[in-house]
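In: Let's see this in three dimensions:
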Amino acid sequence: MQRKSKDLKLKQIPLFSTSSQYRLLDSFTISPSSVSPLMAATLLKSSYNLFIRRNSPISRSLTHSPAATISHCYLPVRCGPRDGRGPLVKGRTLSIEAIQAVQTLKRPRRSNTAAVDDLSFIDKTLSRLIKSDLVAALRELLRQGECALALRVLAAIRSEYPGGADYLAICADVAHALARGGEADAIDELVAELESDGTAVDCGDKKGLGRLLTAVIGAERRESTVRIYQMMRKGGWGSTCTVNDHTVKVLIRGLRRFGEVSLVEEIEKELGGAFPKKINEIESLIL
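Out: Next up, the predicted model:
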């Protein structure tokens, strides 16, 4: 029996040129006498370990037979990563359906056809996708700078899955992409649609709310900032919802920049009694 190699990545497996049979890890059976150069090359590239059943009755009878001639050949088997590996870049794995939807939505624009403005065509393309595929397709379109198509996908998400927990985060991604593309007016339309849904802003999504405020204030959208604050008040922000320091800092800084002193005083009056130290710390950071 050969001594095990110290290199765990490279193992030498003896194959005997007798009629005995040995088994692979995946339960396939091979005959060593029929090993061809092509099969040897295939085994060389395989990432499975070979396990030899040496104690079978056929093997013992042939081993002790005086007429049996045994010759050895060694095939190196390199152990590599198994199947089921995760994505190389986290969060960038698209399903086949999402990829096909992105390609279908972009195809009419490349061919200069009128299908890009056909709502029935877009609805038919997006209706077969589940929410995770819709969100993945939207973010891929935003990455490619296709903000107009991304807004159509956002409308499909809002109609099919209203009131989702991650809706503010999705709107924040869209708002940041619109700000980078210089489409500030589209941000006002986005906030207006968010207000027209009749639902208050979910203050529980603190990260999404803070990113949305950052995008809107960074785009110098004064009216949209005031609208978001009113929706936050409607959702119980400052009374029933937990106050987030970062959200308060971003909101006060934006309202001061836009000259909304009365709203800043209103926030200080509501939060000053319960959180006087936080208000002073936030104002010191801003000033």
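In: Give me the contacts around the one helix or strand Asp173 maps to.
Out: Assigned by DSSP states H and E, Asp173 belongs to helix 167-180. Contacts of helix 167-180 with the rest of the structure, by C-beta atoms under 8 Å, 6 or more residues apart in numbering, involve 135, 138-139, 142, 145, 147, 150-151, 154, 157-158, 164, 184, 186-187, 190, 194, 201-202, 205, 207-209, 211-212, 214-216, 218-219. C-beta coordinates here come from the backbone N, C-alpha and C atoms, glycine included.
In: got the angle between the helix or strand following that helix and helix 167-180?
Out: Towards the C-terminus, the helix or strand next in line after helix 167-180, according to DSSP H and E, is helix 184-196. Counting by axes from the mean of the first three to the mean of the last three C-alpha atoms, to 10 degrees, helix 184-196 lies at 160 degrees to helix 167-180.
In: any idea of the mean pLDDT for helix 184-196?
Out: This predicted structure assigns helix 184-196 an average pLDDT of 90.
In: do the same with stretch 216-234
Out: Mean pLDDT, computed over stretch 216-234, is 91.
In: try stretch 107-114
Out: Model confidence over stretch 107-114, given as mean pLDDT, is 66.
In: Going toward the C-terminus from the helix or strand harbouring Val248, what's the next helix or strand?
Out: The secondary structure element spanning Val248 is helix 245-257 (assigned by DSSP H and E). Heading C-terminal from helix 245-257, the first helix or strand you meet, by DSSP H and E, is helix 261-272.
In: Could you check how far Gln230 is from Asp173?
Out: For Gln230, the distance to Asp173 equals 23 Å [C-beta to C-beta, to the nearest Å].
In: Looking at these two, which one has more neighbours?
Out: When Gln230 and Asp173 are compared for neighbours, Asp173 comes out ahead with 22 against 14, by other C-beta atoms under 10 Å.
In: Which helix or strand lies directly C-terminal to the biggest helix by length in the chain?
Out: The residue-count maximum for a helix in the chain (DSSP state H) belongs to helix 96-111. Proceeding N to C from helix 96-111, the next assigned helix or strand is helix 119-126, under DSSP H and E.
In: right, and the helix or strand after that next one?
Out: Along the chain past helix 119-126, the next helix or strand (assigned with DSSP H and E) turns out to be helix 131-143.
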